[in-house]
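K.L.:
sharing a sequence plus its predicted fold:
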Amino acid sequence: MKDTVMVSPKPKFAFKSGLQQFLAFGSLILMIVFFSLASSNFFHFSNMVGILLSTAVIGVLALGSTFVIVTGGIDLSVGTVMTLCAVMTGVFITMWGLPVPVGIIGGLLTGALCGLISGVVIARLGIPPFIATLAMMMIAKGLALVISGTKPVYFTDTPVFMEISQGSLLGELIPGFDIPN
């Protein structure tokens, strides 16, 4: 009698997942090659900085969302909570006249409070993450609109905030490396 070893078949979805990741990365490489051939200005420093500035906020939000998705959850409220945090930071600094560091901490605490509420609703009350974060999205959107009076909050009278948001810490440390914060 021969010994037989049973090998379990590989799941089919592993191949599809790997192929999907390769296609996403491959399409990015293809776009870079296309745009570099289409324009000689594509790889210039100022263009790269412009692309990074245009995608910085979405990139930071995507980074945070990645951790949620990896753990099997979903968070629909990320963008609107960010908006609420920005509005609250603006209110703290421009309308209430608080110092810039206090206003920034207030905005961060606003986001932490929204996350805490969503987390408690999901973990303790057993509400599905889709429903809880959809509700938080609507609450954050409504609060941001009501608090701002549906008008933009301008930081033009706050030069310190403008320096933080549009200055270049790397440019001060390494001359000629003026990448905005």
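P.N.:
Alright, I've got the coordinates.
K.L.:
so where's this structure shaky on pLDDT?
P.N.:
Applying pLDDT under 70 to the chain flags the ranges 1-17.
K.L.:
ranges for the helices of it?
P.N.:
Secondary structure of the chain (DSSP state H): helices at 12-38, 45-70, 78-90, 100-123, 129-148, 159-166, 169-173.
K.L.:
deepest of these, which one?
P.N.:
Highest mean neighbour count among the helices of the chain (mean count of other CB atoms under 10 Å): helix 78-90, with a mean of 21. Bear in mind the C-beta positions are built from the backbone N, C-alpha and C, glycine included.
K.L.:
run the chain-centre distance for that helix.
P.N.:
Chain-centre distance of helix 78-90: 12 Å, with CA atoms, centre = their mean, to the nearest Å.
K.L.:
distance to residue 180 added to the helices of the chain, as TSV?
P.N.:
Listed next are the helices of the chain as TSV, based on distance: least, CB to CB, whole Å:
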stretch	distance to residue 180
helix 12-38	22
helix 45-70	6
helix 78-90	17
helix 100-123	17
helix 129-148	25
helix 159-166	6
helix 169-173	8
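K.L.:
among those, which is nearest residue 179?
P.N.:
Closest of these to residue 179 is helix 169-173, at 5.1 Å (criterion: CB to CB).
K.L.:
quick one: stretch 86-102 to chain centroid distance?
P.N.:
In terms of CA atoms, centre = their mean, the gap separating the centre of stretch 86-102 from the centre of its chain is 21 Å.
K.L.:
residues making contact with it?
P.N.:
103-104, 106-107, 110, 143-144, 147-148, 153-155, 157-158, 160-161, 164 (CB atoms under 8 Å, 6 or more residues apart in numbering).
K.L.:
for stretch 34-45, same thing?
P.N.:
By CB under 8 Å, 6+ apart, the residues outside stretch 34-45 that reach it are residue 47.
K.L.:
quick check: closest non-adjacent residue to the residue sitting nearest the centre point of the chain.
P.N.:
The centroid of the chain falls nearest to residue 61 when counting by CA atoms, centre = their mean (1.1 Å). Nearest residue to residue 61 in three dimensions, chain neighbours excluded: residue 78, at 5.2 Å (CB to CB, 6 or more residues apart in numbering).
K.L.:
circling back: got the contact list for the residue nearest to the centre of the chain?
P.N.:
78, 79, 82.
K.L.:
just curious, which of those residues is nearest to residue 123?
P.N.:
Closest to residue 123, out of all of the contacts of residue 61 and judged by CB to CB, is residue 78, at 18.1 Å.
K.L.:
does that closest one really touch residue 63, like I thought?
P.N.:
No - the criterion here is CB atoms under 8 Å, and residue 78 misses it with residue 63 at 10.5 Å.
K.L.:
tell me how far residue 142 lies from residue 91.
P.N.:
Using CB to CB, to the nearest Å, residue 142 is found at 15 Å from residue 91.
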